[in-house]
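Student: sequence? don't have it. structure:
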């Protein structure tokens, strides 16, 4: 019997699909130093994977910027969009794996804590229809490591989270995928993955095929009674899924 493919693959963006982490670090440093503050690489690494408002609150507290968290986020997103529209650096193997998943009929969603206008700037560099859904940080109530972003992506695709594979590069994002009940494959980029997390760590996406993802999840499995989904609420997932299916009809 051939391996059963995942019901869907849920992709993180920064550091997983595209190599934007160096730009985020440069962006944060430029913002803080332009106001006379001090910013270190360690400060930037502490923010990897977090939602932008949480990151902005850290920046504001750390540097004393005379800006609100919302103003900091707007400045950084504008800065990043300006860079991305000029050049997108794709992570090794990412576009190739996306093409193979599309050809195999496996739905894909982009699940990022970046805001919609930055995500759309990245997605425009891919063939139309590459992603069946996009979930962004400005469209969820709770950002990663909360499970809401990945639960929302599964609901938009009309699939169960436990039948999905999440691709991540940070412990924060991996924790969100696990909390949603997904299987998680992690490719560390600028930060290491917490060894306490129950994830499969890979050196790269290069050469990865859809059949390789099949080993990460079995579609006939069911989550245990104490699944991490319970912390968010299975009812909430069913509510989101039902609303999505109704909207499609």
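Tutor: Looks like it arrived, so ask away. Computed from a predicted structure; not experimentally measured.
Student: which residues does the longest helix seen in the chain contact?
Tutor: When the chain is parsed with DSSP state H, its longest helix is helix 69-86. Residues from elsewhere that reach helix 69-86 (C-beta atoms under 8 Å, 6 or more residues apart in numbering): 18, 20, 23-24, 27-28, 30-31, 52-53, 55-57, 59-60, 65, 67, 114-115, 117-118, 121-122. The way it works is simple: take the backbone N, C-alpha and C, and place the C-beta from them, glycine included.
Student: confirm that residue 167 sits in a strand.
Tutor: Yes: according to DSSP: H, G, I helix; E, B strand; the rest coil, the state of residue 167 is that of a strand.
Student: on that earlier part again, in strands, which of the contacts of helix 69-86 fall?
Tutor: Per DSSP state E, strands hold no members of these.
Student: quick check: which element contains residue 197?
Tutor: Using DSSP states H and E, residue 197 is not contained in any helix or strand.
Student: that one: how many residues sit nearby?
Tutor: 15 (other C-beta atoms under 10 Å).
Student: now swap in the one 5 residues further on and tell me
Tutor: Applying other C-beta under 10 Å, we find 15 residues neighbouring residue 202.
Student: which non-adjacent residue is nearest it?
Tutor: Closest residue to residue 202 apart from its sequence neighbours, by C-beta to C-beta, 6 or more residues apart in numbering: residue 187 at 5.1 Å.
Student: any idea how far residue 169 lies from residue 11?
Tutor: Distance check for residue 169 against residue 11: by C-beta to C-beta, to the nearest Å, it reads 10 Å.
Student: put the buried members of the contacts of helix 69-86 into a ChimeraX selection.
Tutor: Paste this into ChimeraX to select the buried members of those, with burial taken from 16 or more other C-beta atoms under 10 Å:
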select :18,20,23,24,27,28,31,52,53,55,56,57,59,60,65,67,114,115,118,121,122
